[in-house]
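Undergrad: task: produce atomic coordinates for the following.
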Amino acid sequence: MERGITLQLPVASAMSFELWCLLLGAILIAIATTGSTIARLPVTAAMVYFVTGVGLGPVGLGWVWLDPIAQAELIERLAEIAVIVSLFTTGLKLRLPLRDALWGVPVRLAFLSMTLTVGLIAAAGFFLLKLPVGAAVLLGAV
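TA: Numbering: from 1, shown residues only. Got it, this is the predicted structure:
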């Protein structure tokens, strides 16, 4: 039996789009209004998001259930959105102009580490998994 994203409450068997928007909005507002409190605590916002997800998921209240096989495409899209939002918010927190010399070290480190990682994964895909060169490079890039 395929299970969709459902809300398991006594009064509702499935959660409508409007309720999803309301739940997501309430979570985002709660995180935004508690940002200064979270900043003073020895936890990060990511930890709070994780605990919230566990609390709403099958381990906690059981309100949210995702079938990783049947809903693989949805989970992939949600992960892409999470990465985009994470990079965007991290970029907003940076307080250096792009022409500042302090950008040099992180850019060089990122370029070097990304190049090495893509190359090593591509080599592993080519030599260990016997992938064609194009597929191995694509695997490394992903």
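Undergrad: secondary structure element for the residue nearest in space to the middle of the chain?
TA: The centroid of the chain falls nearest to Ala82 when counting by Cα atoms, centre = their mean (3.6 Å). Using DSSP states H and E, Ala82 maps to helix 72-93.
Undergrad: now that helix: buried residues?
TA: Residues of helix 72-93 classed as buried by neighbour count (16 or more other Cβ atoms under 10 Å): none. C-beta here means a position set from N, CA and C on the backbone, and glycine is covered the same way.
Undergrad: give me the contacts around the helix of greatest length in the chain.
TA: Ordering each helix of the chain by length in residues (DSSP state H) puts helix 104-127 first. By Cβ atoms under 8 Å, 6 or more residues apart in numbering, the residues outside helix 104-127 that reach it are 131-133, 135-137, 139-141.
Undergrad: CA atoms of it as CSV?
TA: In CSV, the C-alpha atoms belonging to helix 104-127 read as follows (Å, rounded to 0.1, in the frame of the first residue of the first chain):
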residue,chain,number,x,y,z
GLY,A,104,40.6,34.3,-1.1
VAL,A,105,41.2,31.5,1.3
PRO,A,106,37.7,30.0,1.4
VAL,A,107,37.4,30.2,-2.4
ARG,A,108,40.8,28.4,-2.9
LEU,A,109,39.9,25.8,-0.4
ALA,A,110,36.4,25.2,-1.9
PHE,A,111,37.9,25.0,-5.4
LEU,A,112,40.6,22.6,-4.4
SER,A,113,38.3,20.4,-2.3
MET,A,114,35.6,20.3,-4.9
THR,A,115,38.1,19.5,-7.7
LEU,A,116,39.6,16.7,-5.6
THR,A,117,36.3,15.3,-4.6
VAL,A,118,34.8,15.2,-8.1
GLY,A,119,38.1,13.7,-9.5
LEU,A,120,38.3,11.0,-6.8
ILE,A,121,34.7,10.0,-7.1
ALA,A,122,34.9,10.0,-10.9
ALA,A,123,38.0,7.8,-10.7
ALA,A,124,36.3,5.4,-8.3
GLY,A,125,33.3,5.2,-10.6
PHE,A,126,35.5,4.5,-13.6
PHE,A,127,37.9,2.0,-12.0
